[in-house]
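A.B. asks: sequence below, structure please.
(4 chains)
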Protein chains: 2
Amino acid sequence: MSKKETSGIVQFPSEGGRASDAIVDVLQHQILSGELPHNMPLASERDLMERFAASRTVIREAVATLASRGLLDAKPRFRPIVRKPGYDTALSSVGSIVELLLEQTGGVAPLFQSRVFVERGLVRDAAVSATKGDIADLKSALRRNKDALGDSDAFYATDVAFHAVLYEIPRNPIFPTLHRAYATWLAPHWSRMLRSPERNRVNYSSHEAIYMAILERDPDVAEAELVNHLHTAWEHVRQTFDIDE
Amino acid sequence: MSKKETSGIVQFPSEGGRASDAIVDVLQHQILSGELPHNMPLASERDLMERFAASRTVIREAVATLASRGLLDAKPRFRPIVRKPGYDTALSSVGSIVELLLEQTGGVAPLFQSRVFVERGLVRDAAVSATKGDIADLKSALRRNKDALGDSDAFYATDVAFHAVLYEIPRNPIFPTLHRAYATWLAPHWSRMLRSPERNRVNYSSHEAIYMAILERDPDVAEAELVNHLHTAWEHVRQTFDIDE
DNA sequence: CGCATAGTTTGGTCATACCAAGGCTTCCAA
DNA sequence: TTGGAAGCCTTGGTATGACCAAACTATGCG
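C.D. replies: Got it, this is the predicted structure:
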C-alpha cells in the first residue's frame, strides 16, 4: 500500500466527540507551529481525506471549523488559505455577532460609550507618558488632518488615523486591534452622518486641543477635550438618525 | 404536491455564494425575531431539508455556521438549541481563538495590561460618579471578601466578585461581559498562582483601600491603589511561573 | 405507578456522483 | 517569440442514499 502515515492518523472514532475534532487539532497545531506556512493554500480536500483516512464530510467539517476560528480563510470557490492568528483574527471572528448585537441589544450606544471610556484613558496616559516619538506621530497625524480639512472623505480618514495614534501609544497590540474594531463597527453609522467643512473644522480643533493638552502634560484637560470631542460627534450621529438614547 | 412553503424557500442556487447562506439568513432572522424562542430545540435536520428544499449537506452546514456564530448551541449528539445572542455570545465565540493567542503572541501580558488599563478607568469613574447603591454594592462585596479571608478558594471567588462590581457601575452591558472575559482567560494563570492567608490579607487590604478612595471621591488615590493592587498580583503570577516580561 | 424494554427518530459518518468554476496546458496566430 | 483563446483536469459545492449508535418514545410488565 502506498498510504503514508506522515501525520496524525486518528483512531478514536468513538470517545463521544466529533471525528473532525481530532483533525482540527492536528491542522491547528500545524498552522500554529508554522509547519503550514502563513498564506499557503491548504491541501485539497481529497488529499486531506487520504492523509487523515476520513470521509470528505469530516474533512469539510474540520475545514469549516478552522475557518470559523480564523485559522483558515475559506472563500467560497477557492482553496482555503492558512492564516496564522493574531488579535485581528479574533476581531474578525466576532464581527458577525457584534453586527447583530448592534441592531439589537441597546444598539451602538454601549459600544460608543465604551469607546469614550477607552479613549479617555488613552489620552490621560498619553498626557502622562507619551514619548517624543509618540508626540511626533500625533503631530504629523494632526497635520495630515488639517491638510484634509477641505475634503470630507480625506478628513474622515485622517480623523480615524489621528485616533489610531492614541491606540498605538500603550505599545500593546490589543489596542490597535480595538481601534480597528471601533472603526469597523461604528463606521456604518458614522459615515452616514452628514459631513461638512464646518464639522470638519470643529473636529479638527478638538484634535488640536487634545494634542496641545498632551503636549502640556495635562491629563485632565486632555480627557475633558476628548470627552467633549466625542460627545459632540455622538450628538450629531444621534440627530442624523435619532437613536433612542 | 404537499410541499408547504411556510417560510423562506430559497431559489438562488447560483449567485456565487453558498446555498447554506440563504438558509442561515432565514434561521438567523427567526432566532433574532423570537419566532424561534430562546432555549427551544431546533427542528430536526430532516425536517429542515424538507422545509428549505435542500440537501442534508446544506442544512448541516447552515446549522454549523449558526452554531459558530453562537446562535445555536450544538452539542455533539443532541438537538441544537436556539440561543438569542447577547454580548456574552460574542465572548464565547472568540474564546477559542483568544486561548490560542495567549500561548503565542506575547502571552497573557498584553491582556493583563489591558485589564489594568480598564480597571484604572473604572475606579476613577467610580470615585467620581458612583451612586449610593454602587457604594453599597462595593461595601457588601468587600464584606464578603473579608469574611472569606481564611478560605483561599472562597477568597478568590469574592475577589473576582469585588472587581465585578466595578464593571457594573458604568451600567453598560459591555463591561460585565468584559469582566467575564478577563476572569475566564486569566483564571488559568491566576489559579495556578500560589495562595495563602497572607496574600489574601494583602489583597483584601488593597480592596479596602480602593473602596475607601472611592468613598472619599478621590480618583487619583483610587487609581493608584488599583494599580498597586494589580501590579503586586501580577508580580506574583510572574514569579510563580516566570513569564518573560 | 415506576421502570425495564423494544421500537423509532435523529445526528454523525461514509461512499458516490455530478456540476460548475478555477487552474493549467496546449497550441494557434499575430 | 509571445499573447491569448480553447480545451482538459482539478477542486470545491451540492445531492443522494445508506448505516450506525445514541437519544427519544412508547410499550408493557411487575
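
A.B. asks: use CA for all of it now, contacts and neighbours both
C.D. replies: Fine.

A.B. asks: contacting residues around A:Ile214?
C.D. replies: Counting by C-alpha atoms under 8 Å, 6 or more residues apart in numbering or on different chains, A:Ile214 touches A:123-124, A:126-128, A:130, A:222.

A.B. asks: try A:Tyr167
C.D. replies: For A:Tyr167, the contacting residues are A:122, A:175-176, A:179, by C-alpha under 8 Å, 6+ apart.

A.B. asks: now, which of the residues you listed lie within helices?
C.D. replies: A:122, A:175-176, A:179 (DSSP state H).

A.B. asks: ok, and the most crowded of those?
C.D. replies: Counting neighbours by other C-alpha atoms under 10 Å in any protein chain shown, A:Leu122 leads the ones in helices among the contacts of A:Tyr167 with 26 neighbours.

A.B. asks: can you say which of the contacts of A:Ile214 are buried?
C.D. replies: A:123-124, A:126-127, A:130, A:222 (16 or more other C-alpha atoms under 10 Å in any protein chain shown).

A.B. asks: about what we covered before: now render the contacts of A:Ile214 as CSV, adding pLDDT and distance to DNA strand D.
C.D. replies: Below are the contacts of A:Ile214 laid out as CSV (pLDDT from 0 to 100; distance: C-alpha to the nearest atom of the strand, whole Å):
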residue, pLDDT, distance to DNA strand D
A:Val123, 98, 45
A:Arg124, 98, 47
A:Ala126, 98, 46
A:Ala127, 98, 50
A:Val128, 97, 51
A:Ala130, 97, 47
A:Ala222, 98, 50
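
A.B. asks: for these, work out which two are farthest apart.
C.D. replies: A:Ala130 and A:Ala222 (12.5 Å; C-alpha to C-alpha).

A.B. asks: got JSON lines for the buried ones among the contacts of A:Ile214, with distance to B:Tyr156 too?
C.D. replies: What follows is the buried ones among the contacts of A:Ile214, written out as JSON lines (distance: C-alpha to C-alpha, whole Å):
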{"residue": "A:Val123", "distance to B:Tyr156": "33"}
{"residue": "A:Arg124", "distance to B:Tyr156": "31"}
{"residue": "A:Ala126", "distance to B:Tyr156": "33"}
{"residue": "A:Ala127", "distance to B:Tyr156": "35"}
{"residue": "A:Ala130", "distance to B:Tyr156": "35"}
{"residue": "A:Ala222", "distance to B:Tyr156": "37"}
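
A.B. asks: in helices, which of those residues fall?
C.D. replies: Those of the buried ones among the contacts of A:Ile214 lying in helices (DSSP H): A:123-124, A:126-127, A:222.

A.B. asks: just the residues you listed now: which is nearest chain B?
C.D. replies: Taking C-alpha to the nearest C-alpha as the measure, chain B lies nearest A:Arg124 of those, at 9.9 Å.

A.B. asks: and the contacts of A:Tyr167 near chain B, which?
C.D. replies: Among these, none lies close to chain B by the criterion of C-alpha under 8 Å from any C-alpha of the partner chain.

A.B. asks: nearest to B:Asp47 among those residues?
C.D. replies: Using C-alpha to C-alpha, A:His179 comes nearest to B:Asp47 of these, at 43.7 Å.

A.B. asks: residues contacting that closest one?
C.D. replies: By C-alpha under 8 Å, 6+ apart, the contact set of A:His179 is A:164, A:167.

A.B. asks: cool, A:Arg79 as well?
C.D. replies: Counted by C-alpha under 8 Å, 6+ apart, A:Arg79 has contacts A:41-44.

A.B. asks: apply 10 Å and report the result again.
C.D. replies: Taking C-alpha atoms under 10 Å, 6 or more residues apart in numbering or on different chains as the criterion, A:Arg79 is in contact with A:40-45, A:72-73.

A.B. asks: that one looks like it's in a strand, true?
C.D. replies: No: under DSSP: H, G, I helix; E, B strand; the rest coil, A:Arg79 sits outside any strand and is assigned coil.

A.B. asks: from DNA strand C, how far out is the nearest residue to A:Thr240 once chain neighbours are set aside?
C.D. replies: Spatial nearest neighbour of A:Thr240, excluding adjacent residues (C-alpha to C-alpha, 6 or more residues apart in numbering or on different chains): A:Met193 at 5.9 Å. Here the criterion is C-alpha to the nearest atom of the strand, to the nearest Å. By it, A:Met193 lies 36 Å from DNA strand C.

A.B. asks: could you do A:Tyr87 as well?
C.D. replies: Taking C-alpha to the nearest atom of the strand, one finds A:Tyr87 at 27 Å from DNA strand C.

A.B. asks: contact partners for that residue?
C.D. replies: A:173-178, B:97-98, B:101-102, B:105.

A.B. asks: please consider this matter closed, and thank you.
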